[in-house]
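Novice: how would this look folded up:
(one chain, ligands or ions: 1)
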Amino acid sequence: MKKLYLFANWKMYLDASESEKLARAFGKISSPRGSEVVVFPSAIAVSAVAPILKKNKLSIGAQNIHWADHGGFTGEISAAMYKDFGCTHALAGHSERRHLFHESDHDVRLKLEAILDQKMTPALCVGETLEERKAGKVEEVLERQLHSAYANLLFPKGIDLIVAYEPVWAIGTGESCDPKEAERVVELIGNSVKKLTGQTPVGLYGGSVSAENIRHYVDQPNIQGVLVGGASADKESWSALIEKLS
Ligand code: PGA
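Specialist: The predicted structure is shown next:
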């Protein structure tokens, strides 16, 4: 049985006390043996949630970071600051950051480097919009995103190189990607990343993952786990989803 990566992105769904409550619930839900669960709470909930997750051997990550360590960047939080609160992982280039907050490929690269500088594990998110898919540009878009993220980057050994395929049109829409197509794209991503870095990435799928469809993804040979948004921000839906893996 392959090691499964189960990432829970709570986005901006929960306040600090709701997050604390859900973290306690996560602690009681036993995930499959050998799997790695990483929770990405809102920035304001990190300090409340971190000790609870740690006690239950679950990891904690930042949803977004700024690439500078310190400085005059009103409203931003650095990777170093997240690390200080126990974060071991950080997302880079989530599509909501790219599209709603206009993060460029260059911004994402700077974030990746800053996360690695802190010896944290970055999870890069890549994916095409519906228009790009309809125009037959999936490969071209992914190649651009991956090249910008990894070209000439010395990716340290001993840190998982994680890439999540997250088609923009599948995120938060209830319209998940066909598992065979997700597998095809994750394999493609794997080949590109190998060419760029010499390393084999951990390939995840994200976009409307639920208890109903999770098995179809994790049963694919190249998909090693999932990045779950909406269904991870609720005790019942998360436990239903985990149950499908046992
Ligand atoms: P979703 O979000 O599961 O709500 O579609 C996925 C994500 O945050 O990457």
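Novice: When you work out contacts or count neighbours from here on, use the C-alpha atoms and nothing else.
Specialist: Will do.
Novice: Buried residues of stretch 233-246, list them for me.
Specialist: Buried residues in stretch 233-246, defined by neighbour count with 16 or more other CA atoms under 10 Å: Ala233, Asp234, Lys235, Trp238, Ser239, Leu241, Ile242.
Novice: The ligand contacts on the protein?
Specialist: Counting by CA under 6 Å from any ligand atom, the chain comes close to the ligand at Asn9, Ala170, Ile171, Gly172, Gly206, Gly207, Ser208, Val209, Leu227, Val228, Gly229, Gly230.
Novice: And the first one, how far from Arg98?
Specialist: To tie it back to what came earlier, the one meant is Asn9. Distance of Asn9 to Arg98, computed by CA to CA, to the nearest Å: 16 Å.
Novice: Leu110 now?
Specialist: 13 Å.
Novice: report the longest helix in the protein, please.
Specialist: Ranked by residue count and defined by DSSP state H, the top helix of the chain is helix 179-197.
Novice: Over to the residue located most distally from the centre of the chain. Which of the three states is it?
Specialist: Distance from the C-alpha centroid of the chain peaks at Gly72, with 27.4 Å (CA atoms, centre = their mean). Judged by DSSP: H, G, I helix; E, B strand; the rest coil, the three-state class of Gly72 is coil.
Novice: Phi, psi for it please.
Specialist: Here is the backbone geometry of Gly72 (degrees, to the nearest 10): phi -80, psi 70.
Novice: Excluding sequence neighbours, find me the nearest residue to Trp238.
Specialist: In space, and not counting its chain neighbours, Trp238 is closest to Ser232: 5.0 Å by CA to CA, 6 or more residues apart in numbering.
Novice: and that neighbour, what is it in contact with?
Specialist: Neighbouring residues of Ser232 by CA atoms under 8 Å, 6 or more residues apart in numbering: Ala8, Asn9, Trp10, Trp238.
Novice: In contact with the last one: list those residues for me.
Specialist: The one in question is Trp238. Applying CA under 8 Å, 6+ apart, the residues contacting Trp238 are Ala211, Ala231, Ser232.
Novice: Run a quick neighbour tally on the first one.
Specialist: The tally of other residues near Ala211 (other CA atoms under 10 Å) stands at 16.
Novice: now the one 5 residues further on
Specialist: His216: 14 surrounding residues under other CA under 10 Å.
Novice: Let me know the secondary structure of it.
Specialist: Following three-state DSSP, we place His216 in the helix state.
Novice: residues touching it, list them.
Specialist: Listed by CA under 8 Å, 6+ apart, the contact set of His216 reads Pro179.
Novice: who does Val37 bridge with?
Specialist: Leu6 (DSSP bridges).
Novice: What pLDDT does the model give it?
Specialist: Note for Val37: predicted pLDDT of 97.
Novice: Same question for Lys157.
Specialist: Reported pLDDT for Lys157: 89.
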